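# mind looking at a prediction? Sequence and model below.
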Amino acid sequence: MSGELIADFSIRPAQSSRPEDFTARGEIRNVGGRGLRLSIAPLSSPSLALEIVRAGGERVPLPPPAVPGAMPETRLAPGESYVVEFSAFVPQWTGKGKYRARLRYLFQPRNPDADQWSGQLFSEWATFEIA
């Protein structure tokens, strides 16, 4: 069902000497013709919602997410978006170099219904550099 949603992703600034300076912004937009329910738990933490790799392709480990609680949802009408922002999402132990990151949304409910989105959605990669 991933054809009904698209993901956009950006990182600001493009370069910094401090990992904590970076902010990521992700947007999931309903481009289909009907409303969809989304579980927003997979977007609640950088370690769940982001994939970061070094220029050579090696994954950057992220701290574990908080213990999950309720499974909050939102409903997106056609054309509506859900936006997430992550400040200081790059771990402090990340060394100098060039990186790329993307937003990922993965959700497979046990008993999906017609209104609930399920599947895998990835944004394009965004690049940043720790100088």
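Yep, it's here.
# least trustworthy helix or strand in the protein by mean pLDDT?
strand 36-39 (a mean of 90; mean pLDDT, DSSP states H and E).
# just how off-centre is that strand within its chain?
15 Å (C-alpha atoms, centre = their mean, to the nearest Å).
# if we look at that strand, which residues are touching it?
Applying C-beta atoms under 8 Å, 6 or more residues apart in numbering, the set of residues contacting strand 36-39 from outside is 4-5, 28, 30, 71-76, 82, 107, 109, 115-117. (C-beta placed from N, C-alpha, C; glycine too.)
# now, which of these sits nearest residue 100?
For residue 100, the closest of these turns out to be residue 28, at 19.3 Å, with distances computed as C-beta to C-beta.
# can I take it that that closest one is in a strand?
Yes - according to DSSP: H, G, I helix; E, B strand; the rest coil, residue 28 belongs to a strand.
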